[in-house]
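>>> Sharing a model that was predicted from the sequence below.
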Amino acid sequence: GAGVSQSPRYKVAKRGQDVALRCDPISGHVSLFWYQQALGQGPEFLTYFQNEAQLDKSGLPSDRFFAERPEGSVSTLKIQRTQQEDSAVYLCASSLISVRETQYFGPGTRLLVL
Amino acid sequence: AQKITQTQPGMFVQEKEAVTLDCTYDTSDQSYGLFWYKQPSSGEMIFLIYQGSYDEQNATEGRYSLNFQKARKSANLVISASQLGDSAMYFCAMRDSDRGSTLGRLYFGRGTQLTVWP
């Protein structure tokens, strides 16, 4: 596709539910990033993939958060046993090859945990 | 410690006027990159402009220019000839370390909400 796509765009979950957020990066982009953006804040780094390898997951806030990119293209961010503080916009970004290149973002998934 | 500081929560500018959005950064690295992104109400982060720490000239992209003052650690965004469609949240971001565990991640400020009025 022309840009990064994410689905669903909106997700409402009851506290304790598991959710899965999908990211389709720009075709051919090697690097993929996940960020979390709380209301009124700038995005904060969660994790980074180069192809299928997760090279940095230091930003994941707890072991309830898990990300994968098994074939080096589509990525899924999974949140288990959601809590109200998980409510945020989850942004996915990709860059062509090197992490030094510009990251292009998707529209985000707005997660609301009730 | 906050790596990116945007001190203007909101800015107002009249259509066709120029506006400057402030950004200061903090890093001890010699090699780093500075970015500006625009986030309309739809939520997508749109890349606007990039400045590398070793670039001697200020970056420009159409109506956007980056006023890079390395000694002051500032990277202000200048938008010339503002348009109504420029109304959005603007984020300054930095990629610092060229190596090590933080390679690649962007650090964002809290953003500045720009409103362009007719």
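Perfect, I can see it now.
>>> Going by C-alpha atoms from here, please, whenever you check contacts or count neighbours.
Noted.
>>> Okay, and the closest residue to chain B within chain A sits in which element?
Residue nearest to chain B within chain A: A:P107 (4.0 Å; Cα to the nearest Cα). Per DSSP states H and E, A:P107 falls between elements, in no helix or strand.
>>> Skipping adjacent residues, who's closest to it in space?
Spatial nearest neighbour of A:P107, chain neighbours left out: B:E44 (4.0 Å); criterion: Cα to Cα, 6 or more residues apart in numbering or on different chains.
>>> ok, now which ones touch that neighbour?
Counting by Cα atoms under 8 Å, 6 or more residues apart in numbering or on different chains, B:E44 makes contact with A:105-108.
>>> Identify the farthest-apart pair in those.
A:F105 and A:G108 (7.9 Å; Cα to Cα).
>>> Of those two, which one has the most company?
A:G108 (30 against 27; other Cα atoms under 10 Å in any protein chain shown).
>>> Look up the residues forming beta bridges with the closest residue to that one other than its chain neighbours.
Using Cα to Cα, 6+ apart and skipping residues adjacent in sequence, the residue nearest A:G108 is A:L91, 4.4 Å away. Note on A:L91: beta-bridge partners by DSSP bridges are A:Y35.
>>> List the contacts of A:L91.
A:34-37, A:43, A:105-109.
>>> top of those residues by neighbour count?
Neighbour counts for the contacts of A:L91 (other Cα under 10 Å) peak at A:G108, which has 30 neighbours.
>>> Leaving out chain neighbours, which residue sits closest to residue 106?
With no chain named, the answer covers chain A. Nearest one to A:G106, counting by Cα to Cα, 6+ apart, is A:V4 at 4.5 Å.
>>> that answer is for a different chain, and I need it for chain B
Nearest non-adjacent residue to B:L106 (Cα to Cα, 6+ apart): B:R95, at 4.8 Å.
>>> need the contact list for the residue nearest to A:F65 when sequence neighbours are not counted.
With Cα to Cα, 6+ apart as the criterion, A:F65 has its nearest non-adjacent residue at 4.7 Å, and that residue is A:I79. For A:I79, the contact set (Cα under 8 Å, 6+ apart) comprises A:18-20, A:64-66.
>>> so the one residue in chain B that gets nearest to chain A, which of the three states?
Nearest residue of chain B to chain A (Cα to the nearest Cα) works out as B:E44 at 4.0 Å. Under DSSP: H, G, I helix; E, B strand; the rest coil, B:E44 falls in the coil class.
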